[in-house]
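Colleague: sequence plus the predicted model coming up.
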Amino acid sequence: MRFSGKIIEMIHGSIVPLVTPFRNGCIDEGSLQRLVDWQIASGSHGISVTGTTGEPSSLSHDERKRVFEIVSEAINNRIAFVPATGSNNLEETLELSRYAEKLSADAVLVITPYYVRPSQEGLYQYFRAIASNLALPVILYNIPGRAAINLEIETVLRLRESCPNIVGIKEANKDFEHINLLLHRAGRDFLVYSGIELLCFPILTIGGAGFISATANLLPDKMALLYNLTQQGKWDDARALHFYLTPLNEAVFYEINPVPVKTALGWMGKLDPEVRLPLTAMSPHNQERLKKVLKTYNLINND
């Protein structure tokens, strides 16, 4: 199965990995809907939910489905919808992926199964089992720092060869050599997205399809502009924007993601910064560091 150019083109650009707002222990559905509208008005090209930034491990199975429903309805086909459906359980991943398909998602993002530390053969069979049971495009999600396993290039190539609906990969591997070799060997039509904030621009320069960056939760217009400038061939402007964004890209990781992002969004009046255990509120020291950075972007007041 190969997909039309329209579908593939739609899943390019700045795809924001949206946070999951909570209030008093429950999903804050109103804030979630408003975040979607703000992202679309700000120019984001797509929205992903219940990925790393969306705290999937703190959500129940039914809560993840509910987030899919709210966001799918709020997007209403205006931009790409790419829910993250992975877990470390095959049947759960399949059920969530089929549910996303039922909601007419444009693609699903599937993480390497964390904690288990399977072999490369195990990863191959796992992703093949998922892709062969779906009709929609599948984007692999390689995040060695969290999953404790790297999806090797040879495994990606085997999957690309045997599963035509595996159309790309979100790379949160910080090894830029790995990403260069992956894109070279998989082919320029394989969609490679940066999952590392500081590599968003570098990956675009070698032909990447875009990025799925936590920073887009705070500056969606600038992150969308970064992609748009490269598409217009304005490389000097894009490079300048890349370095402009660098302090914020670092600040959103002063503590584990998404704690700094939700803290900032709380100050910006977008949501209650509530997180679920084992995550906790940001330390006072790091809050002061984050405030200083946000003020330089005029995201919060100077008083």
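Modeller: Arrived safely, thanks for sending. Numbers count the residues shown, from 1 in each chain.
Colleague: I'd say Ala131 and Val167 touch.
Modeller: No. Counting by C-beta atoms under 8 Å, Val167 is not a contact partner of Ala131; they are 9.8 Å apart. C-beta: built from backbone N, CA, C; applies to glycine.
Colleague: the nearest residue to Asn286 once chain neighbours are set aside in helix, strand or coil?
Modeller: Distance criterion C-beta to C-beta, 6 or more residues apart in numbering; nearest residue to Asn286, sequence neighbours excluded, is Tyr254 at 4.6 Å. Judged by DSSP: H, G, I helix; E, B strand; the rest coil, the three-state class of Tyr254 is coil.
Colleague: please list all residues in contact with Tyr254.
Modeller: Pro260, Met282, Asn286, Arg289, Leu290 (C-beta atoms under 8 Å, 6 or more residues apart in numbering).
Colleague: so how far is Thr155 from it?
Modeller: 33 Å (C-beta to C-beta, to the nearest Å).
Colleague: now do the helices in the stretch 51-200 of the chain.
Modeller: For the stretch 51-200 of the chain, the helices defined by DSSP state H, counting those that start in this stretch occupy 61-75, 90-102, 120-131, 144-147, 153-162, 176-186, 200-205.
Colleague: adding mean pLDDT, distance to Val275 and mean neighbour count, write those helices out as TSV.
Modeller: Below are the helices of the stretch 51-200 of the chain laid out as TSV (pLDDT from 0 to 100; distance: least, C-beta to C-beta, whole Å; neighbours: other C-beta atoms under 10 Å):
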stretch	mean pLDDT	distance to Val275	mean neighbour count
helix 61-75	98	14	18
helix 90-102	98	22	18
helix 120-131	98	29	18
helix 144-147	92	16	16
helix 153-162	98	32	17
helix 176-186	96	30	16
helix 200-205	98	25	21
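Colleague: can I get the ones you listed in JSON lines with distance to Asp37?
Modeller: JSON lines is the format used below for the helices of the stretch 51-200 of the chain (distance: least, C-beta to C-beta, whole Å):
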{"stretch": "helix 61-75", "distance to Asp37": "7"}
{"stretch": "helix 90-102", "distance to Asp37": "21"}
{"stretch": "helix 120-131", "distance to Asp37": "31"}
{"stretch": "helix 144-147", "distance to Asp37": "30"}
{"stretch": "helix 153-162", "distance to Asp37": "35"}
{"stretch": "helix 176-186", "distance to Asp37": "33"}
{"stretch": "helix 200-205", "distance to Asp37": "24"}
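Colleague: tell me which of those lies nearest to Leu245.
Modeller: Nearest to Leu245 among the helices of the stretch 51-200 of the chain is helix 200-205; the distance by C-beta to C-beta comes to 8.1 Å.
Colleague: helices and strands around that closest one, which ones?
Modeller: strand 191-194, strand 210-211, helix 220-231, helix 235-251 (3 or more C-beta pairs under 8 Å, 6 or more residues apart in numbering; DSSP states H and E).
Colleague: deepest-packed of those, please.
Modeller: Most buried of these by mean neighbour count (mean count of other C-beta atoms under 10 Å) is strand 210-211; its value is a mean of 28.
Colleague: okay, now the unreliable bits of the stretch 201-303 of the chain?
Modeller: 303 (pLDDT under 70).
Colleague: compute the first-to-last residue distance for stretch 115-125.
Modeller: When the termini of stretch 115-125 are compared using C-alpha to C-alpha, to the nearest Å, they are 17 Å apart.
Colleague: which residues touch that stretch?
Modeller: Taking C-beta under 8 Å, 6+ apart as the rule, stretch 115-125 contacts 88, 112-113, 126, 147-149, 151-152, 154-155, 158-159.
Colleague: same check on stretch 228-239?
Modeller: So stretch 228-239 is contacted by Gly13, Gly43, Phe201, Leu204, Thr205, Leu226, Leu241 (C-beta under 8 Å, 6+ apart).
Colleague: what is the nearest of those to Pro273?
Modeller: Among these, Gly43 lies closest to Pro273 (C-beta to C-beta), at 24.5 Å.
Colleague: thinking again about what came up before, between Ala131 and Val167, what contacts are shared?
Modeller: In contact with both Ala131 and Val167: Val138, using C-beta under 8 Å, 6+ apart.
Colleague: let me know how buried the nearest residue to Ala74 once chain neighbours are set aside is, in neighbour terms.
Modeller: Leaving aside its chain neighbours, Ala74 sits nearest to Val36 (3.9 Å; criterion: C-beta to C-beta, 6+ apart). Using other C-beta atoms under 10 Å, Val36 is surrounded by 25 other residues.
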